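Participant: sequence and predicted structure are below.
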Amino acid sequence: MQLLYATAVVLAVFSVGACSSNPVDAPPPTIVPAQAADSPPATSPPPAVVRPLTAHASAAVFDAATKSLVTLAPGADGRSVVTVMSADGGTAAVDTDGVATAMTGSGDGRLFLSTRGGYFRVDLARRVATKVGVDGAETVDFTAIARRADGRLVLGSADGAVYTLSSDTAVAAKLKIFARVDALVTQGDTAVVLDRGQTSVTTINTEGTDSEHALRAGEGATTMTADRAGRVLVADTRGGELLVYTVDPLMLRQRYPVPDAPYGLTSSAGGKGSGLAWVAQTATNTVVGYDLATGIPVEKVRYRTVRQPNSLAYDDASGTLYVVSGSGAGVQVIADAGGGR
């Protein structure tokens, strides 16, 4: 029934736009996007080690090849702050020479960050960021980026378009059907779009020319991640739920209440590919690990966190969970995070 309801709602949302006098030009109907809660001050030090990071991080990625955590935050003078944190806690900054809006990793020492007109390709070992322009997109504000299994990049824009690249710079396909592309992830060569204004998730065909399926994502979805078991996890921050999808075809498989403004998401591989889904509750400075293997999320472990736990990352090799503050309260490093299972 939940899946049928979600399908019916999203069809109703899309049909409203079709009723306009000029459906091709009319923007899709939207709601006010949800956002993370303004977390309360921590009343006591959280468990585990907290490393200093004064930047207000908006994203975090762990790179297995260099064994480093990378965070992205707004900077001064029209730039972003990209901080590379090594296993011993040392940090180094990478100059992006512009504003980066989102990032994705390849696991081999490279990162890709969306920006106006294209993206930055970051060599983590050399600490160098190179700007790559996308053909014909010099004035496009790119807001999301993901990398497919075949190595091709997919970028999303502020005006609701998805660009699938055929090379470093060439556009193979452009699909403009969204209000805004707020997040992108991939499972294999399938790209998945999160549109916060429509609170929807949509899969794109491998050619990048059309959508395959679209579903309503709760009452106010904000963040999304892909796990190694072939799932896509979505935080419904306004509705207080963890939503779990599969993509071939797109189906809502699990829907579980997670109170207190869930926002930050990551996953760990674990035994038999099941692992844990990690969800940060921003209203209470808490992170919870859920086992999804039984068909319904089962809470296995929870930790108090640094203030404003907006971003999460996980190192599968060491079993370390990184909780990154969005308010400058640092990076909480929880070793053997799933050990309490």
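Facilitator: Nice, thanks for sending it over. Numbers count the residues shown, from 1 in each chain.

Participant: Gly275 and Thr266, how far apart?
Facilitator: In this structure, Gly275 lies at 10 Å from Thr266, with CB to CB, to the nearest Å as the measure. C-beta here means a position set from N, CA and C on the backbone, and glycine is covered the same way.

Participant: so where's the stretch 201-341 of the chain shaky on pLDDT?
Facilitator: Counting by pLDDT under 70, the ranges of the stretch 201-341 of the chain that qualify are 271-274, 340-341.

Participant: please redo it, this time with the cut-off set to 90
Facilitator: By pLDDT under 90, the low-scoring segments of the stretch 201-341 of the chain are 269-275, 294-295, 338-341.

Participant: so where do the helices sit in this structure?
Facilitator: Chain-ordered helices for the chain, with DSSP state H as the definition, fall at 2-18.

Participant: coming back round to it: give me the more crowded residue out of Gly275 and Thr266.
Facilitator: More crowded of Gly275 and Thr266, by other CB atoms under 10 Å: Thr266, with 25 against 22.

Participant: I'd like to know how far that one sits from Arg302.
Facilitator: When Thr266 is compared with Arg302 (using CB to CB), they lie 15 Å apart.

Participant: and Ile145, by the same measure?
Facilitator: The spacing between Ile145 and Arg302, counted by CB to CB, is 31 Å.

Participant: can you check Ile204 too?
Facilitator: Ile204 is 35 Å from Arg302, by CB to CB.

Participant: so for these two, which sits in the more crowded spot?
Facilitator: Remark: of Ile204 and Arg302, Ile204 carries more neighbours, 25 against 14, as counted by other CB under 10 Å.

Participant: the more buried one pairs with what?
Facilitator: Here Ile204 shows beta-bridge partners Ala191, Ser211, assigned using DSSP bridges.

Participant: tell me the centre residue of the chain?
Facilitator: Closest residue to the average C-alpha location of the chain: Met224 at 4.4 Å, with CA atoms, centre = their mean.

Participant: check contacts around that residue.
Facilitator: For Met224, the contact set (CB atoms under 8 Å, 6 or more residues apart in numbering) comprises Ala183, Val185, Val192, Leu194, Val201, Val232, Leu233, Val234, Ala235, Leu265.

Participant: surely Pro46 is in contact with Leu321?
Facilitator: No: when contacts are counted by CB atoms under 8 Å, Pro46 is not listed as touching Leu321 (11.8 Å).

Participant: joint contacts of these two?
Facilitator: Overlap of the contact sets of Pro46 and Leu321 (by CB under 8 Å, 6+ apart) consists of Tyr303.

Participant: of these two, which one has the most company?
Facilitator: The neighbour comparison of Pro46 against Leu321 (other CB under 10 Å) goes to Leu321, with 27 against 21.

Participant: if I look at that one, how far off is Thr186?
Facilitator: Distance of Leu321 to Thr186, given as CB to CB: 23 Å.

Participant: for Tyr256, same thing?
Facilitator: According to CB to CB, Tyr256 and Thr186 sit 24 Å apart.

Participant: excluding chain neighbours, what is closest to Val49?
Facilitator: Distances taken as CB to CB, 6 or more residues apart in numbering put Val333 closest to Val49, at 4.6 Å, once the chain neighbours are dropped.
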